[in-house]
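1. quick one: sequence and predicted model below, then my questions.
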Amino acid sequence: MMLFLLLLVGISHGLDLMGAIERAVSFYPSLKALEEERKGIEGKSLLYKSYLNPTLGIEVGNFGTSKEGVRSNPIYRLSYSQPILIYPLGSFVREAVRYESSAFEERIAQERNSLKGEVYLAFYSALYRKDLLSIAQENYQISYDVYSFVKKLFDLGEVTKLELFRAERELDLAKTELELARSDYQNALKKLSLFVGEEVKEVEGSLEHLRDMKVIKVEDLPQIRQYNYLIKSVKTSIEVERTLAKPQISTEVLGEKVSESEYGFRIGFSATLPVFYRREGEILQLSSYARSLERLRDLERMKAESEYHRLLKRYQAIKDEVRKINDELLTRSREELSLAIKSYRLRTITALELSDTKRRYIQLLRYRSDLLMQAHEEYAKYLSLGGEL
């Protein structure tokens, strides 16, 4: 019951950005799938123990050559062979798996950053649609006020029917845009709901809130650290192969029948002789793979640095343009619209001039919202790259 109430509160009230990210990180299936995959990597550290499996041999009777019955001499020979672990094979294997597991942890961290960027973008897409809905509501209200005024003038016989039709047409268009904006906002909320795992009916926040991009240290990015750990893992795996290329020693205990009622036991040692093949193929493959990972890491580093500086430059340019609109153009446009409405009521300008002034004002509001959304798109890429809120 308490869980239901908590979920109900989360659904009924507006969702903020941090709440959306926290819920997505704890819910999203792809992260959970990677966590399960990481557990499988830890099991690799036990695989080397298969090398230690002993060999047991039993020989029974002398079928077809002995006059004695099988029952009187059931066992002719018994052997037990045990490979001896080559030092430090076990530590090398565990170290290689530990590096591989650390690399996978960085992959999970990279996936988490990507998810944060996607949730951030989905959240501000909803705020963007909410802002466009507010603009559509303002546009509808202005159109409705103008229509009401023109309708009164028409009833008094002071304007033509053509002017009334123009006001009606603009009102109908504003109503259609309002309905579309409301539908777009609901669709944006549904998309955000997919990330957080529950229905979102409202979002809280301001589209105008543009955070600063913090400094990114490229070497500390998960995608770079992942390559570093992978390279270490591969190089340690080369040491594993070099260890396996050494002679493999085994000890053997042999029990054999030496007389009708006696058995003799011997202890022996054996070793493989890697004369013709010393695992050169595996070592060559791993060495090439390590060099390939180093090249890919360098490429990833260059791409990350380039992308970060590009994001900084474009993000700042958009912020400057938004600041210019807020400080200069928007205030002037509001004053022009207010003056145009008063002038139209005084019949000093035509309905066409009022419509043109209103159109420019609404276009400026939408252009400002578009710029803000572009800024948030760049910030989402910054988060996906590895930036911090």
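-> Arrived safely, thanks for sending. Numbering: from 1, shown residues only.

2. state the number of residues packed around the nearest residue to residue 334 once chain neighbours are set aside.
-> Leaving aside its chain neighbours, residue 334 sits nearest to residue 361 (6.9 Å; criterion: C-beta to C-beta, 6 or more residues apart in numbering). Heads up, the C-betas are built off the backbone N, CA and C, glycines and all. As a burial measure, residue 361 scores 23 neighbours (other C-beta atoms under 10 Å).

3. did I read that right, residue 361 in a helix?
-> Yes: looking at residue 361 with DSSP: H, G, I helix; E, B strand; the rest coil, it is inside a helix.

4. so where's the chain uncertain?
-> Low-confidence segments of the chain, defined by pLDDT under 70: 1-13, 47-48, 61-76, 260.

5. I'd like the distance between the residue nearest to residue 334 and residue 218.
-> 44 Å (C-beta to C-beta, to the nearest Å).

6. grab the nearest non-local neighbour of residue 373.
-> Using C-beta to C-beta, 6+ apart, the closest residue to residue 373 is residue 128 (4.4 Å).

7. do I have it right that the one you found meets residue 376?
-> Yes: the criterion here is C-beta atoms under 8 Å, and residue 128 meets it with residue 376 at 7.4 Å.

8. which neighbours do these two share?
-> With contacts defined as C-beta atoms under 8 Å, 6 or more residues apart in numbering, the residues shared by residue 128 and residue 376 are residue 207.

9. the protein: helices as residue ranges?
-> Assigned by DSSP state H, the helices in the chain fall at 2-12, 17-27, 29-42, 89-155, 161-196, 222-244, 280-324, 330-345, 351-385.

10. pipe those helices into JSON lines and attach distance to residue 210 per row.
-> Converted to JSON lines, those look like this (distance: least, C-beta to C-beta, whole Å):
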{"stretch": "helix 2-12", "distance to residue 210": "27"}
{"stretch": "helix 17-27", "distance to residue 210": "13"}
{"stretch": "helix 29-42", "distance to residue 210": "28"}
{"stretch": "helix 89-155", "distance to residue 210": "10"}
{"stretch": "helix 161-196", "distance to residue 210": "19"}
{"stretch": "helix 222-244", "distance to residue 210": "25"}
{"stretch": "helix 280-324", "distance to residue 210": "6"}
{"stretch": "helix 330-345", "distance to residue 210": "16"}
{"stretch": "helix 351-385", "distance to residue 210": "5"}
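
11. returning to that earlier point: burial count for the residue nearest to residue 373?
-> By other C-beta under 10 Å, neighbour count at residue 128 equals 22.

12. what do you get for residue 168?
-> For residue 168, using other C-beta under 10 Å, the count is 14.

13. what sits closest to it if chain neighbours are left out?
-> Using C-beta to C-beta, 6+ apart, the nearest residue to residue 168 is residue 147, at 6.3 Å.

14. I'd say the one you found and residue 171 touch.
-> Yes: look at residue 147 against residue 171 with C-beta under 8 Å: they come within range, at 4.6 Å.

15. hmm, back to that, contacting residues around the residue nearest to residue 373?
-> Contacts of residue 128 by C-beta under 8 Å, 6+ apart are 188, 207, 369, 372-373, 376.

16. gap between it and residue 352?
-> Distance from residue 128 to residue 352, by C-beta to C-beta: 31 Å.

17. same question for residue 269.
-> 105 Å.

18. hmm, who's touching stretch 87-104?
-> The contact list for stretch 87-104, computed with C-beta under 8 Å, 6+ apart, reads 34, 37-38, 41-42, 44-45, 47-48, 51, 225-227, 229-230, 232-233, 236-237, 239-240, 243-244.

19. and residue 25, how far is that from residue 119?
-> 8 Å.

20. my bad, should have said residue 194
-> 10 Å.

21. buried sites along stretch 178-186?
-> Neighbour-count burial for stretch 178-186, counted by 16 or more other C-beta atoms under 10 Å, picks out 178, 181-182, 184-185.
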